[in-house]
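Participant: have a look; sequence and predicted model below, questions after that.
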Amino acid sequence: MNAISPPIQQTSSDEIDLAALFHALWEQKLLIALVTVLVGMAAAAYAFLATPEYQVQSVLRPAAIKDLDALNRTGVYELTPKQAMQRVGASLDSYDSRLEFFRANQGLFEVLRQPNRSLEQTFESFNQQAFKMLLPDAKKTDNLSAYVGIQLTYPQDVKGVALVNGLVEYAFQLERERIAADLAVVIQNRLNQLEAQMSAARASYEANKSARIAKLQEADNLKRANLQDELKALRQQLKTHRDNRVAQLDEAIRIAKALGISKPATPSSLGEGERVTQGSVIRTEVNNQQIPLYFMGSEALEAERNALLQRRSDDFTEPRIAQIAKELQLLASNRQIEVLNKRENEDLFLKDLASWREEAARLRNLDVDVSTLALVTIDQLAMQPIKPIKPKKALILALGLVLGGMLGLFIALLRNMLRRPTHD
């Protein structure tokens, strides 16, 4: 009989033997070390051969109030320290300002020039990558956080310190020129406004003067016409009175002649001729009625009538006529109108003209030296950096060695897996 052999139990090949794996990696330690050294050398080559990049910055803070006092005391232009700092910061951040500075100082950017790029293209590339504005945290509103700055990251051989400080100074000068131009325009506009006000005041004065003269003349003409009308009415009234008196005298003369009264008499004297009196008699006539005119006698009445008929004017009989003549004589010349027309310097009579002239003279004599105006305080000037910010050699070397070691281990593991036998 054949013996039956027991089944043989085999260990699964899928299980990983850590000891065997470590042994396999240890056998390939030279390979791992070689890969690590090669990658480390590549990292070192990059770290020492890459073009170094440096970083500089300039920080500006608000100027003192006294620095802007001369400008603010003009009374026509006001600029606070914060506003001045914001204006300088806006110039530093302005693309046009940077481009103009680039065009004016091309020597500072000569290293960046490339044959296949224009001046503007070179500046555009550098401007996007190199400049960065430094601004405070918007959540902080205290005065200690008020600042503005500019930061520049530049490659070796570029004069970064001169570039940043020059750009800051260019922004200062640019804003000073703008302020000077603004101040000149504001002053000129104010002077034009004052001239317009003075011209308007002169025109208003002339109009008021003409209106006043016209009113005075109109009042004189009206008064003269009223006086002449009154004079004419008075003369007509006096003539009527004279005619009426002549008619009364004619009637009285006829009555007197009819009664035979040639001399002045009284009603009681008419019967004296028929009365016989004895002794001395004193007669007293008491009568509250007006004695008729014919008792004056025909002779007196005729004399009065003849005088009235020969009269050429009745003006002397009415005192008011003399008064009217006086007033008409005074109206012949209005002294107030003459004084108004004889004014030589009419500006003396214009309201507020003196203050306007004083203001205009002050504006013309304003002498503010804007070229030396301290718009901001330079808190930090750009200074030559001690070392570059890129490349960071120690970090690159460390990363190169770590990555080299990882790559060596990966290659060793891959080789070990390829060399393992395949079990059926």
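Facilitator: Received, thanks.

Participant: low-confidence bits of this protein, can you list those?
Facilitator: Applying pLDDT under 70 to the chain picks out residues 1-16, 47, 49-50, 140-144, 270-289, 393, 420-424.

Participant: do a quick rundown of the strands in it.
Facilitator: With DSSP state E, the ranges of strands along the chain come out as 53-62, 131-134, 148-155, 376-380.

Participant: show me what the last one is packed up against.
Facilitator: Spelled out, that is strand 376-380. strand 53-62, helix 81-93 (3 or more CB pairs under 8 Å, 6 or more residues apart in numbering; DSSP states H and E). For the C-beta atoms, the positions are set from N, CA and C on the backbone; glycine is no exception.

Participant: using PDB, write out every CA atom in the first one.
Facilitator: This points to strand 53-62. These are the backbone C-alpha positions of strand 53-62, laid out as PDB (Å, rounded to 0.1, in the frame of the first residue of the first chain):
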ATOM      1  CA  GLU A  53      16.700  89.000  -5.200                       C
ATOM      2  CA  TYR A  54      16.700  91.800  -2.600                       C
ATOM      3  CA  GLN A  55      13.900  93.700  -1.000                       C
ATOM      4  CA  VAL A  56      13.800  97.300   0.300                       C
ATOM      5  CA  GLN A  57      11.000  99.600   1.500                       C
ATOM      6  CA  SER A  58      10.300 103.100   2.400                       C
ATOM      7  CA  VAL A  59       7.600 104.100   5.000                       C
ATOM      8  CA  LEU A  60       6.000 107.500   5.200                       C
ATOM      9  CA  ARG A  61       3.900 109.000   8.000                       C
ATOM     10  CA  PRO A  62       1.800 112.200   8.300                       C
END
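
Participant: any chance of CSV for the helices and strands packed on strand 376-380, columns mean neighbour count and distance to Arg117?
Facilitator: As requested, the helices and strands packed on strand 376-380 are exported to CSV (neighbours: other CB atoms under 10 Å; distance: least, CB to CB, whole Å):
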stretch, mean neighbour count, distance to Arg117
strand 53-62, 20, 20
helix 81-93, 18, 24
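
Participant: tell me which of the ones you listed lies nearest to Ala203.
Facilitator: Ranking the helices and strands packed on strand 376-380 by proximity to Ala203 (CB to CB) places helix 81-93 first, at 39.2 Å.

Participant: run through the neighbouring helices and strands of the closest one.
Facilitator: By 3+ CB pairs under 8 Å, 6+ apart, helix 81-93 packs against strand 53-62, strand 131-134, strand 148-155, helix 160-259, strand 376-380.

Participant: now it, how far from the centre of its chain.
Facilitator: 21 Å (CA atoms, centre = their mean, to the nearest Å).

Participant: for stretch 300-309, same thing?
Facilitator: That offset, for stretch 300-309, works out to 89 Å (CA atoms, centre = their mean).

Participant: please identify the buried residues of that stretch?
Facilitator: Residues Ala300, Leu301, Glu302, Glu304, Arg305 are the ones in stretch 300-309 that count as buried (16 or more other CB atoms under 10 Å).

Participant: mind putting the residues you listed into a markdown table with distance to Gln237?
Facilitator: As requested, these are arranged in a markdown table below (distance: CB to CB, whole Å):
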| residue | distance to Gln237 |
| --- | --- |
| Ala300 | 25 |
| Leu301 | 23 |
| Glu302 | 25 |
| Glu304 | 19 |
| Arg305 | 20 |
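
Participant: keep only those of the residues you listed that are in helices.
Facilitator: In helices, defined here by DSSP state H, the members of those are Ala300, Leu301, Glu302, Glu304, Arg305.

Participant: quick one on the thing from earlier: out of the strands of the chain, the one nearest Ala322 is which?
Facilitator: Per CB to CB, nearest to Ala322 of those: strand 53-62, 86.6 Å.

Participant: from Pro136, how far off is the residue lying closest to Pro62 once chain neighbours are set aside?
Facilitator: Spatial nearest neighbour of Pro62, excluding adjacent residues (CB to CB, 6 or more residues apart in numbering): Pro81 at 3.7 Å. Going from Pro81 to Pro136 by CB to CB, to the nearest Å gives 15 Å.

Participant: ok, now Glu177?
Facilitator: Per CB to CB, Glu177 is found 27 Å from Pro136.

Participant: ok, Phe126 next?
Facilitator: 26 Å.

Participant: please say which of those two ends up with more neighbours.
Facilitator: Taking other CB atoms under 10 Å, Phe126 and Pro136 do not tie; Phe126 has more neighbours (19 against 14).

Participant: quick one, what contacts the nearest residue to the more buried one once chain neighbours are set aside?
Facilitator: Leaving aside its sequence neighbours, Phe126 sits nearest to Leu112 (CB to CB, 6+ apart; 5.6 Å). Going by CB atoms under 8 Å, 6 or more residues apart in numbering, Leu112 touches Thr122, Phe126, Val158.

Participant: not counting its neighbours along the chain, what's nearest the last one?
Facilitator: Spelled out, that is Val158. Val111 (5.3 Å).

Participant: what's near enough to touch that neighbour?
Facilitator: By CB under 8 Å, 6+ apart, the contact set of Val111 is Pro155, Asp157, Val158.

Participant: and Asn345, by the same measure?
Facilitator: Going by CB under 8 Å, 6+ apart, the list of residues near Asn345 is empty.

Participant: how far does stretch 385-393 sit from its chain's centre?
Facilitator: Put simply, stretch 385-393 sits 52 Å off its chain's centre (CA atoms, centre = their mean).

Participant: repeat for stretch 156-176
Facilitator: 34 Å.

Participant: what of stretch 330-339?
Facilitator: With CA atoms, centre = their mean, you get 47 Å for stretch 330-339.

Participant: I figured Asn127 was touching Asp96, is that so?
Facilitator: No - counting by CB atoms under 8 Å, Asn127 stays clear of Asp96, with 11.1 Å between them.

Participant: looking at those two, which is more packed in?
Facilitator: Asn127 (14 against 9).

Participant: contacting residues around that one?
Facilitator: Tyr95, Arg98, Leu99 are the contacts of Asn127 under CB under 8 Å, 6+ apart.

Participant: which ones are touching the last one?
Facilitator: Translated: Leu99. Leu99 neighbours (CB under 8 Å, 6+ apart): Glu120, Phe123, Asn127.

Participant: format the residues you listed as TSV; extra columns: distance to Gln310.
Facilitator: TSV is the format used below for these (distance: CB to CB, whole Å):
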residue	distance to Gln310
Glu120	117
Phe123	118
Asn127	119
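
Participant: which of those fall in helices?
Facilitator: Short answer: the contacts of Leu99 in helices (DSSP H) are Glu120, Phe123, Asn127.

Participant: going by distance to Ser58, which of those wins?
Facilitator: Nearest to Ser58 among the ones in helices among the contacts of Leu99: Asn127, at 16.5 Å, using CB to CB.
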